[in-house]
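*Asks:* below is the sequence, then the predicted model.
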Amino acid sequence: MKQNRAQQNKNSAYILRTPAPEDEKDSSNQFAARSKTSANYWQQGKRLFRFNRKNAEGVQVQDADYSCQISHGGRRVQFQLHTPNKAAAASKAATIYRDVVGKGWEEAIRIHKPKSVPKIVSLPEATVGSLINASMRLSSARAETMDAYAKALRRITAGVFEISEGKKYDAFKGGRTAWLEKIDGKPLSELTPASVLSWRNRYMKKARTQEERGRAAVTVNSLIRNAKSLISKKIRRFIEQEMILPSPLFFEGVSAEAEPSLRYRSKINAEEILKAAQTELAESDPEAFKLLLLTLICGLRRSEADTLLWRQFNFEKGLLIIEDTEHKRLKSKDSAGDIDLEPELCTLFQRLKGGTKSVFVLESPKGIRIKTETRKSRGYRCNETHHRVLLWLRNHGVTGMRPMHTLRKEIGSVIASRDGIWKASRYLRHSDIRITSKLYADKKIPVTAGFGTLLSSSADKNVDSDPDDKSKGRPQSVEKFSSDGMK
C-alpha cells in the first residue's frame with residue numbers, strides 16, 4: 001500500500017516538472033481566434049471586407065471603410081463598420097456579434113444599423129369624415145356611387161348619435177357645413193356594432209303597418225350595406241396605412257332585417273299606357289314621349305336615358321348600344337349591351353330625331369349644364385322632362401315611389417313571361433340572372449296543372465236548383481260523399 005502511494009507521488013511530481021507542449025502555450029489566443037465575440041476572430045482571413053460599388057459617374061470604386069457579415073440563429077445581416085482601421089473594425093464587429101447574441105437581432109440592428117429601422121409613424125384614429133375622404137380617394141368606383149356610400153354612413157351616424165337633420169339641407173346659410181362637421185368629426189370607434197343595432201331597432205319600431213315595416217327593413221339594410229362598402233376588401237389595407245380602424249367595425253355582427261318579397265307584381269297595362277302616350281305626348285311633348293319610350297320599351301334606367309346619345313342608335317342594324325360614354329359611366333360592366341329594336345321603333349326614333357343638332361336624345365333646356373361625368377350626387381340634366389313624365393304616369397295609374405322604374409320592371413316582366421327569364425335578364429342587362437328572378441320575373445300567363453278538362457264532367461253534374469236545398473250548387477259527387485260521410 002505504502003509502495004503504491006509512493007509511486008503515485010513520484011508520477012505527480014514528474015507531471016508537474018514536465019513543460020507544457022508548444023501548441024498549448026497560446027491556448028487563450030487560439031480560443032480568441034475561434035470566438036466571434038473576440039476581435040481576433042474578425043481580423044482573420046476575409047471576415048472584414050470593403051464593398052465595391054459604382055459612383056455617380058459609373059466608375060467602380062471601393063469603400064474606404066470596412067464592413068462585416070454577422071450570422072446567427074439562421075439569419076445573416078451585413079453591417080458597415082464606419083472605419084478604415086482594421087483593428088477598430090474588428091473590435092466593432094465583435095461588439096455587434098455580442099449584442100446580436102445578448103440583446104437579439106432587432107435591438108442590435110436598432111443600435112448598429114439605425115437607418116435601416118423603419119420609422120414608427122403614429123397613425124391617427126379614424127373618424128367618420130377621414131374614412132369617407134380616404135375611401136373617395138382610394139376607390140375606383142363611380143363618384144355618384146361613392147357619394148351614396150358616404151351619405152349612408154352619415155345618415156347612420158346621425159341616427160346613432162341622434163343628431164338632428166334639420167339643418168342638413170341648409171346649403172346657403174352654413175347649416176349644412178356645421179351639420180357635416182358634427183357628423184364627420186365623430187370617432188369611428190364610438191360607432192360600435194351595438195350602437196348601430198340599437199339605432200336599427202329604433203328605426204324599425206317607428207313603422208306601424210306591415211307595408212311600413214317592409215320599407216323600413218329595406219332602408220336599414222341598404223344603409224348598412226352601402227356604408228360597409230366604404231371599407232371594401234380592395235382598399236381596406238390602404239386605408240389602414242393612413243388611419244387606425246377600430247375593431248370590431250360598426251357593421252360586424254349586425255345581421256340584416258328580414259325583407260319582404262321584392263317580386264314585382266304588375267298593376268299596370270303597358271299597352272294602354274303606350275297608346276295613351278301616343279295620343280297625349282307624341283305631338284304635344286316629344287321630349288317626354290322619348291323618355292317614356294326609352295324607359296318602357298327599351299328598359300333603360302333613368303340616368304341611362306338622360307345621357308343617351310344619338311350615336312348609340314344603329315338604325316341600319318336595329319340596335320341601341322348601351323356603353324360608357326364621355327357623359328355617362330355605367331353602373332357596372334354588365335350594364336353594357338345591345339338592345340334589339342323593332343323596325344317600327346327605329347322609324348319612330350328617326351322621325352323624332354329629325355334635324356336636331358343635339359348629340360343627346362333628350363334635349364335639355366338652355367342654360368342647363370351638359371357635362372355630367374363629374375357630378376357626385378345623382379341628378380338629371382333633363383330634370384324638368386323627368387318631372388313631367390312622372391306626373392303624367394301618376395295621373396295614368398302608375399303609382400309608387402319610382403313610377404319610371406316601374407316601367408323598366410314592367411317590360412322585364414313581359415319579356416320574362418313571354419320569352420323566359422334568361423332573355424329578360426339580358427334585355428335588362430343584369431349582372432346576375434338571380435337579380436332578374438328575384439325582382440322582375442312576374443307571372444303574366446296563368447300556370448295551372450292542366451287537368452281541368454278531366455274534371456269537366458264532374459263539375460257540370462250539379463244538383464237541381466232548390467231554394468231550400470242546402471246542397472244547392474254542389475256537384476253530385478260532393479253531395480254523395482257528404483251524405484256517405486254522415487252515415
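*Replies:* Now that the structure is in, tell me what you want to look at. Source: prediction; values computed, not measured. Residues are numbered from 1 along each chain as shown.
*Asks:* show me what contacts the closest residue to residue 43 other than its chain neighbours?
*Replies:* Spatial nearest neighbour of residue 43, excluding adjacent residues (CB to CB, 6 or more residues apart in numbering): residue 90 at 4.5 Å. The C-beta positions use only the backbone N, C-alpha and C, and glycine is treated the same way. By CB atoms under 8 Å, 6 or more residues apart in numbering, the contact list for residue 90 reads 39-43, 48.
*Asks:* now the host helix or strand of residue 90: average pLDDT?
*Replies:* Applying DSSP states H and E as the criterion places residue 90 in helix 86-103. Averaged over helix 86-103, pLDDT sits at 95.
*Asks:* what's the helix or strand where residue 197 lies in contact with?
*Replies:* If you go by DSSP H and E, residue 197 is part of helix 193-205. Here helix 193-205 makes contact (CB under 8 Å, 6+ apart) with 156, 159-160, 213, 216-217, 219-220, 224, 248-254, 257.
*Asks:* how about it: buried residues?
*Replies:* By 16 or more other CB atoms under 10 Å, the buried positions in helix 193-205 come out as 195-197, 199-200, 203.
*Asks:* got the angle for the following helix or strand past that helix vs helix 193-205?
*Replies:* Remark: after helix 193-205, the chain's next helix or strand is helix 210-228, criterion DSSP H and E. In terms of direction (axes from the mean of the first three to the mean of the last three CA atoms, to 10 degrees), helix 210-228 departs from helix 193-205 by 150 degrees.
*Asks:* buried ones in helix 210-228, by neighbour count?
*Replies:* Judged by neighbour count (16+ other CB under 10 Å), helix 210-228 contains these buried residues: 213-214, 216-217, 219-221, 223-224, 226-228.
*Asks:* residue 89 contacts residue 47, correct?
*Replies:* No: Residue 89 lies out of contact with residue 47 (CB atoms under 8 Å); the separation is 9.8 Å.
*Asks:* shared neighbours, the two?
*Replies:* The contact sets of residue 89 and residue 47 overlap at residue 68 (CB under 8 Å, 6+ apart).
*Asks:* pick out whichever of the two has more residues nearby.
*Replies:* residue 89 (25 against 15; other CB atoms under 10 Å).
*Asks:* just to revisit the earlier point, show the subsequent helix or strand relative to the helix holding residue 90.
*Replies:* Past helix 86-103, the next helix or strand by DSSP H and E is helix 105-112.
*Asks:* okay, now the unreliable bits of the chain?
*Replies:* 1-33, 119-121, 166-171, 366-378, 440-448, 452, 456-487 (pLDDT under 70).
*Asks:* what segments of it are strands?
*Replies:* Here the chain has its strands, by DSSP state E, at 48-49, 52-54, 60-62, 67-72, 75-80, 313-314, 319-322, 337-340.
*Asks:* figure out which of these is closest to residue 361.
*Replies:* Closest to residue 361 of the strands of the chain, according to CB to CB: strand 313-314, at 7.9 Å.
*Asks:* who touches that closest one?
*Replies:* 319-321, 341, 346, 349, 361.
*Asks:* next: stretch 127-135.
*Replies:* With contact meaning CB under 8 Å, 6+ apart, stretch 127-135 is reached by 124, 146, 149-150, 153-154, 157, 180, 183-188, 191, 230-231, 235, 238-239, 242-243, 245.
*Asks:* just the buried ones from those?
*Replies:* 146, 149-150, 153-154, 157, 180, 183-184, 186, 188, 191, 230-231, 235, 239, 242-243, 245.
*Asks:* return the subset of those lying in helices.
*Replies:* Using DSSP state H, 146, 149-150, 153-154, 157, 180, 183-184, 235, 239 are the members of the buried ones among the contacts of stretch 127-135 that sit in helices.
*Asks:* out of the residues you listed, who's nearest residue 337?
*Replies:* When these are ranked by distance to residue 337 (CB to CB), residue 146 comes first, at 24.5 Å.
*Asks:* from what I can see the closest one touches residue 136, true?
*Replies:* Yes: Residue 146 sits in contact with residue 136 when judged by CB under 8 Å, with a separation of 5.5 Å.
*Asks:* how about residue 425: what's its closest non-neighbour residue?
*Replies:* Using CB to CB, 6+ apart, the nearest residue to residue 425 is residue 436, at 3.9 Å.
*Asks:* that neighbour: neighbour count?
*Replies:* When neighbours are counted by other CB under 10 Å, residue 436 registers 22.
*Asks:* likewise residue 77?
*Replies:* For residue 77, the neighbour count with other CB under 10 Å is 17.
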